[in-house]
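Student: Quick one, fold the following:
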Amino acid sequence: MNEHVVLITGALTGIGRATALAFADEGNRIVIGGRHQDAGDALISELRGKNVEAEFLSADVRNEEDVRGLVDRTVARFGRLDVAVNAAGTEGKPGPLTEQTAESYAATFDTNVLGTMLSMKHELRVMKAQGKGSIVNISSTYGHQGAARAPVYAASKHAVEGLTRSAALEAAGAGVRVNAVAPGPIQTGLLDRFTGTEENKATLASGVPLGRIGTPDEIARMIVFLGSEAASFLTGQIVTVDGGKTAG
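Tutor: I've put the predicted structure just below:
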């Protein structure tokens, strides 16, 4: 894995940030995409402190020209694209289906589904021409279960899983692998916003057989594995990392 070129969207917080640091620990060259320059600059300084090459490029995954530019500038800077992690996402508007609107639907799907689709479109454009590469999308256990308090979010992650499998079938003949990680409850800002209170979070944790909330680092380690040659025969899979939450 050392010195691969890794592109990560949604890299400024949570799982995306942990993933950037994990790939840097392996000695890879990192490009992070996001919408906030100050946070991007701060993370780049941290990554370069690990003695790796790293660049921040401003991009909104909902905008195709931003995504095209993000991928093209990565290739212009480093000559290729080996691994792409599509971690940009939003929980949308938590609450029952009867409280959802066309606007809350669009806000969630534009980031989680359109953003993933556009990212894969341009990542695959480069990787298929190279004849190799690995893409890792971020789903959720709600991507294969219902969620009474997050129906639109759950639907968006169902869509991410469908896109992942479809892209894997399309890209396999070109030597490109596409997988997704489906985290359970993970200690991120998204989880804090979703649960609202520490009591709600504790209730959620009580439903995890391992008895706790997971950490972004635990998800990042799985993502690094999926991006590596150690997973060279693995494609089209949704890898659930949830402390046993969906086991029974």
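Student: What residues of the helix ranked longest in the chain count as buried?
Tutor: As assigned by DSSP state H, the longest helix anywhere in the chain is helix 151-171. The neighbour-count check on helix 151-171 (16 or more other Cβ atoms under 10 Å) flags 151-161, 163-165, 167-168, 171 as buried. In short, each C-beta sits where N, CA and C put it, glycine included.
Student: And it, what does it pack against?
Tutor: Applying 3 or more Cβ pairs under 8 Å, 6 or more residues apart in numbering; DSSP states H and E, one finds that helix 151-171 contacts helix 102-109, helix 115-130, strand 133-138, strand 176-183, strand 238-241.
Student: give the contact list for Leu190.
Tutor: By Cβ atoms under 8 Å, 6 or more residues apart in numbering, the contact set of Leu190 is 14, 89-91.
Student: ok, and for stretch 129-140, which residues are buried?
Tutor: 133-140.
Student: any idea how far stretch 159-178 is from the chain center?
Tutor: Chain-centre distance of stretch 159-178: 15 Å, with Cα atoms, centre = their mean, to the nearest Å.
Student: avg pLDDT for it?
Tutor: If you average the pLDDT over stretch 159-178, you get 98.
Student: can you start the count at 34 instead of 1 from here on
Tutor: Okay, using 34 as the starting number, the last item reads as stretch 192-211.
Student: ok, back up a step: go through the contacts of Leu223 and flag which are in helices.
Tutor: Applying DSSP H to those, the entries found in helices are Gly47.
Student: Next, the contact list for the nearest residue to Gly229 once chain neighbours are set aside, please.
Tutor: Excluding the flanking residues, the one nearest Gly229 by Cβ to Cβ, 6 or more residues apart in numbering is Pro127, at 7.9 Å. By Cβ under 8 Å, 6+ apart, Pro127 lies in contact with 182-183, 186, 226-227, 229.
Student: Would you check which pair of those lies furthest apart?
Tutor: Tyr186 and Gly229 (14.5 Å; Cβ to Cβ).
Student: so which of the helices and strands packed on helix 184-204 comes closest to Gly67?
Tutor: Of all the helices and strands packed on helix 184-204, helix 148-163 comes closest under Cβ to Cβ, at 11.9 Å.
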